[in-house]
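fold the following and give me the result.
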Amino acid sequence: MSDKTMTADEVVSRLHSGMTLGIGGWGARRKPMALVRALLRSDITDLTVVSYGGPDVGMLAAAGRIRRLVAPFVTLDSIPLEPHYRAARERGAFELTEVDEAMFMWGLRAAAHRLPFLPVRAGIGSDVMRVNPGLRTVTSPYEDGETFVAMPALRMDAALVHLGRADRLGNGQYLGPDPYFDDLFCEAADSAYLSCERIVDTAELTKEAAPQSLLVKRLYVTGVVEAPGGAHFTSCAPDYGRDEDFQRLYASTPWAEFSGRFLAGDEQAYASAVRDWQEEQG
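Residues are numbered from 1 along each chain as shown. Here you go, the predicted model:
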């Protein structure tokens, strides 16, 4: 066992252009935004991004970093369609593979178990097969003879996730109402980087919550980053909710203006710019 702590910039130094990158969380909930912002400070591009998409996808798309996106949706939750993603998609900035939410989850699970695909009923009878002509079906070899979509494994070079607590070894804990699928992202990737609100001693993890809250196992984690507020402006329950005011600002501001004001510096500069904006709002 070893200390896996590192900085967000050290995480990004291990990534490279052209890789397949998974990003955990769900919509505008518990996204590893500090790691995404660090990625935006780099010159990494030509990414295949795998995500239950939110502002992570919107920012990377607006910045021209995505070559291909694999996602069931890209939303800000209270704003149904992520506007920067929409603008990039409308101008044909990247390829899109859009699948059903359940298909996406089974693709993660197949990759986590090192299987080439898993059969799933989701997608049968829908246009998902028409818009994804590369998808195949399989027939049950048993007497039921049912036909399923053969959802291919969503293997990734690296995954980024954000959780409430972690220890230095890479054990990660969620304290909110939903684990989402961060564990599958980590297990489906060749390397996984976990940011968290606070790094604690291992023994402290089960003092705050039940052992079942230990979502991510150290076996699958390459690096741990302590990043208080690291999901902002998405939520990280119970530490904080989604910053709806700031999200509305993000959604309504041209990308060049938003990125120039809030993403030009490091995380301290980002936090300072957010505070300045909040003071302006009174």
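
contact partners for residue 106?
By CB atoms under 8 Å, 6 or more residues apart in numbering, the contact set of residue 106 is 118, 120, 122, 151. Where C-beta positions appear, they are placed from N, C-alpha and C, glycine not excepted.

tally of neighbours for the first one?
Okay, so that is residue 118. Residue 118 has 21 neighbours, counted by other CB atoms under 10 Å.

re the thing from before, top of the contacts of residue 106 by neighbour count?
In terms of neighbour count, residue 151 stands highest of the contacts of residue 106 at 26 neighbours, by other CB under 10 Å.

distance of it relative to residue 265?
41 Å (CB to CB, to the nearest Å).

kindly report the same for residue 87.
Taking CB to CB, one finds residue 87 at 24 Å from residue 265.

return the set of buried residues in the helix or strand of the chain with the lowest mean pLDDT.
None of the helices or strands of the chain scores lower by mean pLDDT, DSSP states H and E than helix 202-208, at a mean of 92. Along helix 202-208, these residues count as buried under the neighbour rule (16 or more other CB atoms under 10 Å): residue 205.

can you say which helix or strand has the residue sitting furthest away from the middle of the chain in it?
For the chain, the residue at maximal distance from the C-alpha centroid (CA atoms, centre = their mean) is residue 143, at 39.7 Å. For residue 143, there is no helix or strand it lies in under DSSP states H and E.

so who does it touch?
Residue 143 neighbours (CB under 8 Å, 6+ apart): none.

next one, pLDDT for it please.
We have a pLDDT of 98 for residue 143.

strands of this structure, start to end?
Along the chain, counting by DSSP state E, strands occupy 20-23, 47-51, 66-71, 95-98, 117-120, 136-139, 147-152, 156-166, 172-173, 189-199, 214-216, 223-226.

quick one: strands adjacent to the shortest one?
When sheet partners are counted by DSSP bridges, strand 172-173 sits next to strand 156-166 (antiparallel), strand 214-216 (antiparallel).

out of the ones you listed, which one sits most buried?
Of all the strands paired with strand 172-173, strand 156-166 has the most neighbours on average by mean count of other CB atoms under 10 Å, namely a mean of 27.

just the mean pLDDT for that one, thanks.
The model assigns strand 156-166 a mean pLDDT of 98.

one more: stretch 232-244?
For stretch 232-244, the per-residue pLDDT averages 98.

residue 138: how many residues sit nearby?
15.

touching, it and residue 151? I think so.
No - with contact defined as CB atoms under 8 Å, residue 138 and residue 151 do not form a contacting pair (10.0 Å).

spit out the residues that contact these two alike.
Common contacts of residue 138 and residue 151, defined by CB under 8 Å, 6+ apart, comprise 117, 119.

what separation is there between residue 36 and residue 109?
Computed as CB to CB, the residue 36 to residue 109 distance reads 24 Å.

looking at these two, which one has more neighbours?
residue 36 (28 against 19).

got the contact list for that one?
When contacts are counted by CB under 8 Å, 6+ apart, residue 36 touches 23, 55-56, 59-60, 160.

give me that answer again for 10 Å
Taking CB atoms under 10 Å, 6 or more residues apart in numbering, we find residue 36 in contact with 8, 12, 21, 23, 54-60, 63, 65, 160, 162, 195, 230-231, 263.
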